[in-house]
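**Student:** sequence unavailable; structure follows:
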């Protein structure tokens, strides 16, 4: 999201996972890491960006950003494709240019005048692709259809009659793929489908993980989201650009426009847009997109050559909702157009001779706790989530860089197994993770989460960890020392990592800070940019 007159700066959010489709052909991606001698490090897939270019000749080119945190030898990416694709390295400029041209422009109300003076790949390790236990008289259960290279990647295109054989082959070749992946991958396997496996070339580092471009036979873009659930984290942002000769719309998902009435902002000018997106998507069990822009391609750089019309859709989705693959179809209608604006200027301003504290919205407006969960404002600047039975609390970094806490089902049925995640070993993610006296650490997909006792709430610390505390004020005071030991930061010290709801005004201003606010607030608010 951007604010008017803001500098054209864009955070390079990498994407992991796949994309695409034909009328119902599809492809998506999952990260798999070498099991090696030790269980693998978890993969954090917390943001995804895809550009579908509809070429008009029966093919689609999908440009995918891949986000990966870990060692290069453990990087692997597997994606089903409807045909043997042409694979190339893509350009980061495509994503940057389209984002700058189509991101939401936020307009906030001006401050009131102040009467006072002063004014105002595969392969996480060696993989023997010929080793399929084949003999001259028997067809190997896994077939290598193509083996080639880009500047940064080595890739193979694989086929298998039985998905179980493909899963076993991946396991035998040191891929962290559990047996419960078989039904997920089976949804994409057919005699005409292939699986693209990607890894970094020898000598490359994690910094060489660049966007990838795949061109394949297809008519309509589709995101096979079910396979994405393998490595997805809660409230994963998904941003889809469709570039071609026509506007597009979701075919099997609901779609809404940004709601100016429901979206609010705080004393720093931060909006709750991302929390609002998470809420409206959750209300549709994840099957809802927000239409951010549909119109002409006004990109000024490399992306200008991709096509004349851009359709931009955004959502936030958790793994338990990744059950239906979203498809996009042409929508040649005057109603298809939408400007990239979020006009909040008609709302009451929060600023005059200081901040109107009675107008500042609840901090819970900026923290989506999840389905069935309750958000509670805490003393100070924090919030907490009270999770329903069967759910655990986990920290989430919002797309604008702020931290929050949310509740998710205790198990991700599509994620890595407990064994693969290191449970019961020295690298168990819960080792050394303290959920406080009212909580228990629960490993979920290779990451520590907290299960809070009845009556307790999950609060995000400045360190980024979650702690379970009781709501009663006297009991909370008795736990301050425990929290300080866990986080390493005393409450209220302005730790650099920021708590959930961080950035909210505390209501106390020095005279010099107030004068700075009065002189510069309006221009700052219009220049600030919230990165995606």
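**Tutor:** Alright, I've got the coordinates. Nothing here was measured: the structure is a model prediction, and the numbers come from that model.
**Student:** does anything pack onto the strand ranked longest in the chain? Which helices or strands?
**Tutor:** In the chain, assigned by DSSP state E, the strand with the most residues is strand 232-244. Under the contact criterion of 3 or more CB pairs under 8 Å, 6 or more residues apart in numbering; DSSP states H and E, strand 232-244 touches strand 45-54, helix 92-102, strand 309-317, strand 391-397, strand 403-409. Glycine gets a C-beta too; all of them are placed from N, C-alpha and C.
**Student:** how far is the third one from where the chain is centred?
**Tutor:** Its chain's C-alpha centre and that of strand 309-317 lie 13 Å apart, by CA atoms, centre = their mean, to the nearest Å.
**Student:** repeat for the longest one
**Tutor:** The gap between the average C-alpha position of helix 92-102 and the chain average comes to 18 Å, counting by CA atoms, centre = their mean.
**Student:** likewise the last one?
**Tutor:** For strand 403-409, the distance between its averaged C-alpha position and the chain's averaged C-alpha position is 13 Å (CA atoms, centre = their mean).
**Student:** ok, and what's touching stretch 300-312?
**Tutor:** Contact partners of stretch 300-312, identified using CB atoms under 8 Å, 6 or more residues apart in numbering, comprise 51, 53-54, 91, 93-98, 101-102, 239-249, 291-297, 299, 328, 331, 336, 340.
**Student:** buried ones in it?
**Tutor:** Going by neighbour count (16 or more other CB atoms under 10 Å), the buried part of stretch 300-312 is 303, 306-307, 309-312.
**Student:** ok, back up a step: given the helix or strand that comes right after the longest strand of the chain, what are its sheet partners and their directions?
**Tutor:** Next in sequence after strand 232-244, counting helices and strands by DSSP states H and E, comes strand 248-250. If you go by DSSP bridges, strand 248-250 pairs up with strand 328-330 (antiparallel).
**Student:** what residues does the partner strand touch?
**Tutor:** Residues outside strand 328-330 that contact it (CB under 8 Å, 6+ apart): 52, 220-222, 240, 242, 246-251, 311, 313.
**Student:** got a PyMOL select line for the buried ones in the contacts of stretch 300-312?
**Tutor:** Buried members of these, defined by 16+ other CB under 10 Å, are picked up in PyMOL with:
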select buried, resi 51+53+54+91+94+95+96+97+98+101+102+239+240+241+242+243+244+246+247+248+249+291+292+293+294+295+297+299+328+331+336+340
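**Student:** any chance of the helices and strands packed on strand 232-244 in CSV, plus distance to residue 282 and mean pLDDT?
**Tutor:** Listed next are these as CSV, based on distance: least, CB to CB, whole Å; pLDDT from 0 to 100:
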stretch, distance to residue 282, mean pLDDT
strand 45-54, 17, 80
helix 92-102, 25, 92
strand 309-317, 8, 96
strand 391-397, 13, 94
strand 403-409, 10, 95
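**Student:** got these as TSV, with distance to residue 195 columns?
**Tutor:** Shown next, in TSV, are these (distance: least, CB to CB, whole Å):
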stretch	distance to residue 195
strand 45-54	18
helix 92-102	25
strand 309-317	23
strand 391-397	30
strand 403-409	28
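**Student:** to residue 227, which of these lies closest?
**Tutor:** Closest to residue 227 of the helices and strands packed on strand 232-244 is strand 45-54 (CB to CB; 11.1 Å).
**Student:** neighbouring strands of that closest one in the sheet, and parallel or not?
**Tutor:** Strand pairing for strand 45-54, determined by DSSP bridges: strand 59-64 (antiparallel), strand 232-244 (parallel).
**Student:** least confident of those strands, on average?
**Tutor:** Mean pLDDT is lowest for strand 232-244 among these, at a mean of 92.
**Student:** any idea how far the closest residue to residue 246 other than its chain neighbours is from residue 62?
**Tutor:** Distance criterion CB to CB, 6 or more residues apart in numbering; nearest residue to residue 246, sequence neighbours excluded, is residue 330 at 4.5 Å. Using CB to CB, to the nearest Å, residue 330 is found at 17 Å from residue 62.
**Student:** the more surrounded of the two?
**Tutor:** Between residue 330 and residue 62, residue 62 has the larger neighbour count (other CB atoms under 10 Å), namely 26 against 18.
**Student:** check what pLDDT the spatially closest residue to residue 359 that is not a sequence neighbour gets.
**Tutor:** In space, residue 359 comes closest to residue 350 once its chain neighbours are excluded; the distance is 5.3 Å by CB to CB, 6+ apart. Residue 350 carries a pLDDT value of 95.
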